[in-house]
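Peer 1: give me a 3D structure for the following:
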Amino acid sequence: MGKVLVLYDSFTDCTREMAHMVAEGAAQVDGVEVRLRCVLDADAGDSVHWADGLAVGTPTNLGGISWQMKKFWDDWAAENWCKVDGKVACSFSSQGAHSGGGELTCMSMNHVLMNFGFLVFGVTDYVSPIQTLHYGATIAKKPRDDASQAACARLGLRLSEWVAVFFDRRADLHPLLTTKKQAAAAAEAKGKEAAASYEAEVAQLVKDKAAPVHLVVSIRVPRPNQESWLAMVKELVAISRKEVGCLHYAFARVDGDPTLFRVVELWETAAKLDKHSNSLHFKRLVPAMGKLSETLALEHSTATVALLKTPGELLAGPSVTHLVMDVRAADGQAADELCAALPRHDLDHPACVYSQLTQVKVEPSSPHFQYISVWRSRQALDAYLASPAHNELQEAVVATNAEVADLVIATSVEAEQPPAVLIFHKATEYYHESIPDAVAALMKICRAHGWKATSTEDAAVFHPVTGSLNNYQAIVFVSNSGTLFTSEEKQGLENYITQGRGGIFGVHAAIAAFLSIVDHTGATEATGTWPFYGNLLGAYFKNHPPVQEAKIKVNVDQAKLLGLGLPSEYKQTDEWYNLDRELPADITVVALADHTSYEGCTMEGDVPVIWHHRFGPKRVPVFCSTLGHLPESYQLETTTDILLTGLRFALGQL
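Peer 2: Down below sits the predicted model:
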């Protein structure tokens, strides 16, 4: 019976969780015994001798293995070097973030193992379209998502397979005959199934070979797959638009759901669409895209009821925003009535590229139509939807005994721009020495994620007429103090929130702006002077004791929901705020300061230090952290994790 040891060192439990998943993967091979040990366990050294194969896991420390892992092998070498030659081995590592040095750490660990005579192997499998483990399994913090967990399990499985092949002489378990062969067959089958399904549905639905045909396809693409999927979309769109008979071809992301896309196509005839679906680029790209996505629905216009505005200029550039309105009619006579009743106000709008009413299903009992229009900008469409012309359109639909079953707005992926973040750090009274460090850390995170970031102390950006607040999808208030705004600038922020333009992230003393007093020591109790601001952030600062160390207690379940990899408890030196209120029940508290661990708490029980909620009728995302008084706080991995999570929450990504 083959024997596998999963040996690990862990400081924040990240590598320990990986180790358990590696062990679970190793246990998938019948007849292989699996043992899990920490390098601090008394029998860890004996377990190395016991094992035929090892999976060794270590946290990433400056691109190398941890000091405890290094010490284990240093101490063990004195009496055991040259005594384990020929055992098979692999490595795994946790890192602070993606590209945080995990693969370097695996290579460093592999070098140590090779020095002892272990036969080190890599894994060529892909556990997701964008994740593999050639040099070992590497995970950012804890293995939360499916791909990360699959990477750990696959490493353990492959180790057990090699142990079974080399030590138990079970050639039938060679990976090329088992898991790799099965994975390749499954991927190929999925791609063929996606292409066959698409072509079959098109063939089934296309009946009229002469009239223009319209396709609207709903596709779900998980976030981890979108980068690769969108790269193929770009190539497919560029080639397809050059095909003869293509009037419109666009992939668009649906508002309110970042994983849902609509494909909107218009072709001169069904024959031209058939030719497209049999083209070399279609057959090359669509099956590959099918492996990364799920097709939810394909709606094909079998008869064009009305082409209300021709799309002759469409191919000159990408269309920006699509309005797709599903209309359910009461009887079969609705088509003529709808065409006659539809107002033409939107068609005369210069920003409307084309507009069309098509019949999706020819069923007398339940006719189904789609009213589709394409607009040059989202702003123009928003203005139209708020205008009397759109109300007339809806009234015309109702007048024909029909109803609007669904209305979807989708923005072309070609028009997508990276989100913009405003980092506002104005302080007119007390100025925190950590503000430059906080701003630098936020800017660094934004650059790393491709987000546009602007830092400023100029409150003019908030002016409702001359300001530029609507250009930003999130605002970060950083350790502000004093009365930051004029009455007009206050109105600008209120407009931004009530219109749901973007989210808010409050960092450290953001809750200490607009106070009734000036007290740099924090000894006097303060009250807020602008109720809207206090309600927006969730609370106002009241006062604080001197800077000191305290224990932070984390609601791990809530943190995991945010992807926030904080330990359940940790200590930090900071400025601990007393709040002017107990946070209401609709605010989710993620972490609290243990009131028994420091002096000067005037609140009942532990004090919230990280929280979030959805504010107002538009449910604006708001995230607050009162941590970060000291400049050195922004060198901590925990602070970086909190800042990233706050930005993502404010941007509506969580």
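
Peer 1: what lines up beside the helix or strand containing H613 in the sheet?
Peer 2: Per DSSP states H and E, H613 falls inside strand 607-615. Its sheet considered, strand 607-615 pairs with strand 588-593 (antiparallel), strand 620-625 (antiparallel) by DSSP bridges.

Peer 1: can you point out the buried residues in it?
Peer 2: Using 16 or more other CB atoms under 10 Å as the test for burial, strand 607-615 gives 607-613, 615. Placement of C-beta: from N, CA and C, glycine included.

Peer 1: of these, closest to H449?
Peer 2: Each of the buried residues of strand 607-615 was checked against H449 using CB to CB; the closest is H612, at 18.9 Å.

Peer 1: how about the residue nearest to F649 when sequence neighbours are not counted, what does it touch?
Peer 2: Counting by CB to CB, 6 or more residues apart in numbering, the nearest residue to F649 once its immediate chain neighbours are dropped is F623, at 4.1 Å. F623 makes contact with 503-506, 611-612, 645-646, 649-650 under the criterion CB atoms under 8 Å, 6 or more residues apart in numbering.

Peer 1: what would those look like in a markdown table with pLDDT and secondary structure?
Peer 2: Listed next are the contacts of F623 as a markdown table, based on pLDDT from 0 to 100; DSSP: H, G, I helix; E, B strand; the rest coil:
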| residue | pLDDT | secondary structure |
| --- | --- | --- |
| G503 | 92 | strand |
| I504 | 96 | strand |
| F505 | 97 | strand |
| G506 | 97 | strand |
| W611 | 96 | strand |
| H612 | 96 | strand |
| T645 | 94 | helix |
| G646 | 95 | helix |
| F649 | 90 | helix |
| A650 | 91 | helix |
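
Peer 1: now the residue sitting furthest away from the middle of the chain. Its backbone dihedrals?
Peer 2: Computed with CA atoms, centre = their mean, the maximum C-alpha offset from the centroid of the chain is found at E79, amounting to 49.2 Å. When read as degrees, to the nearest 10, the backbone of E79 gives phi -110, psi -10.

Peer 1: do the one 3 residues further on as well
Peer 2: Note on C82: backbone dihedrals following degrees, to the nearest 10 are phi 70, psi 10.

Peer 1: CA-only coordinates of whatever helix or strand E103 lives in in CSV, if you can.
Peer 2: E103 belongs to helix 102-115 when elements are defined using DSSP H and E. Below are the C-alpha coordinates for helix 102-115, written out as CSV (Å, rounded to 0.1, in the frame of the first residue of the first chain):
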residue,chain,number,x,y,z
GLY,A,102,3.7,31.7,-4.7
GLU,A,103,5.4,30.1,-7.7
LEU,A,104,8.8,31.3,-6.5
THR,A,105,8.1,29.8,-3.2
CYS,A,106,7.2,26.4,-4.8
MET,A,107,10.4,26.5,-6.8
SER,A,108,12.4,27.3,-3.6
MET,A,109,10.7,24.4,-1.8
ASN,A,110,11.3,22.1,-4.8
HIS,A,111,15.1,23.0,-4.7
VAL,A,112,15.2,21.9,-1.0
LEU,A,113,13.5,18.7,-1.8
MET,A,114,15.7,18.0,-4.8
ASN,A,115,18.7,18.5,-2.6
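
Peer 1: report pLDDT for the closest residue to H390 other than its chain neighbours.
Peer 2: Leaving aside its chain neighbours, H390 sits nearest to Y384 (5.7 Å; criterion: CB to CB, 6+ apart). What the model reports for Y384 is a pLDDT of 75.

Peer 1: swap in the one 10 residues further on?
Peer 2: The per-residue pLDDT reported for Q394 equals 76.

Peer 1: check S228 too.
Peer 2: 88.

Peer 1: over to N80?
Peer 2: Model confidence at N80, expressed as pLDDT, equals 89.

Peer 1: that one contacts S47, correct?
Peer 2: No - contact status for N80 versus S47: not in contact, 12.0 Å apart, counting by CB atoms under 8 Å.

Peer 1: need the contact list for L133.
Peer 2: For L133, the residues meeting the contact criterion (CB under 8 Å, 6+ apart) are 92, 122-123, 125, 127, 151, 154-155.

Peer 1: point out the least confident one among those.
Peer 2: In terms of pLDDT, the weakest of those is V127, which scores 84.

Peer 1: does it touch D145 like I think?
Peer 2: No - taking CB under 8 Å as the definition, V127 is not a contact partner of D145, at 10.5 Å.

Peer 1: please say which of these two ends up with more neighbours.
Peer 2: V127 (21 against 17; other CB atoms under 10 Å).

Peer 1: could you look up the SS state of the more buried one?
Peer 2: When the structure is split into helix, strand and coil by DSSP: H, G, I helix; E, B strand; the rest coil, V127 lands in strand.

Peer 1: check which helix or strand the closest residue to it other than its chain neighbours maps to.
Peer 2: Once flanking residues are discounted, V127 sits nearest to A150: 4.0 Å by CB to CB, 6+ apart. Assigned by DSSP H and E, A150 belongs to helix 146-167.

Peer 1: how near is the residue nearest to V127 to M232?
Peer 2: Counting by CB to CB, to the nearest Å, the separation of A150 from M232 is 22 Å.

Peer 1: between those two, point out the one with more neighbours.
Peer 2: When neighbours are counted by other CB under 10 Å, A150 and M232 differ, and A150 comes out ahead with 21 against 16.

Peer 1: pretty sure that one is touching D125, no?
Peer 2: No - counting by CB under 8 Å, A150 stays clear of D125, with 9.3 Å between them.

Peer 1: and N80 and S47? Which one has more around it.
Peer 2: Neighbours of N80 and S47, each counted by other CB under 10 Å, are more numerous for S47; the result is 17 against 14.

Peer 1: helices of the stretch 1-150 of the chain, start to end?
Peer 2: Ranges of helices within the stretch 1-150 of the chain are 14-26, 44-50, 67-80, 102-115, 146-167, based on DSSP state H, counting those that start in this stretch.

Peer 1: so which bits of the last one are buried?
Peer 2: Buried residues in helix 146-167, counting neighbours by 16+ other CB under 10 Å, are found at 147-167.

Peer 1: where does the stretch 451-600 of the chain dip in pLDDT?
Peer 2: Counting by pLDDT under 70, the stretch 451-600 of the chain has low-confidence residues at 519-522.

Peer 1: again, 90 this time
Peer 2: Counting by pLDDT under 90, the stretch 451-600 of the chain contains low-confidence residues at 465, 470-471, 473, 499-502, 516-526, 561-563.

Peer 1: tell me which helix or strand of this protein sits lowest on mean pLDDT?
Peer 2: Lowest on mean pLDDT, DSSP states H and E among the helices and strands of the chain sits strand 303-309, with a mean of 47.

Peer 1: chain center to the next helix or strand after that one, what's the gap?
Peer 2: Once strand 303-309 ends, the next helix or strand along the chain (criterion: DSSP H and E) is strand 321-328. Computed by CA atoms, centre = their mean, to the nearest Å, the chain-centroid distance of strand 321-328 equals 27 Å.

Peer 1: against which helices or strands is strand 321-328 packed?
Peer 2: Other elements packing on strand 321-328 under the criterion 3 or more CB pairs under 8 Å, 6 or more residues apart in numbering; DSSP states H and E are strand 246-254, strand 260-267, strand 368-375, helix 378-385, strand 403-412.

Peer 1: ok, the third one: who's next to it in the sheet?
Peer 2: Meaning strand 368-375. Partners of strand 368-375 in the sheet, by DSSP bridges, are strand 321-328 (antiparallel), strand 352-361 (antiparallel).

Peer 1: before we move on, back to that, in TSV: the helices and strands packed on strand 321-328, plus mean neighbour count and distance to D30.
Peer 2: Shown next, in TSV, are the helices and strands packed on strand 321-328 (neighbours: other CB atoms under 10 Å; distance: least, CB to CB, whole Å):
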stretch	mean neighbour count	distance to D30
strand 246-254	22	46
strand 260-267	22	42
strand 368-375	23	53
helix 378-385	16	57
strand 403-412	16	49
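
Peer 1: nearest to G467, out of these?
Peer 2: Distances from G467 to each of the helices and strands packed on strand 321-328 were compared using CB to CB; the minimum, 16.5 Å, belongs to helix 378-385.

Peer 1: alright, that wraps it up for me.
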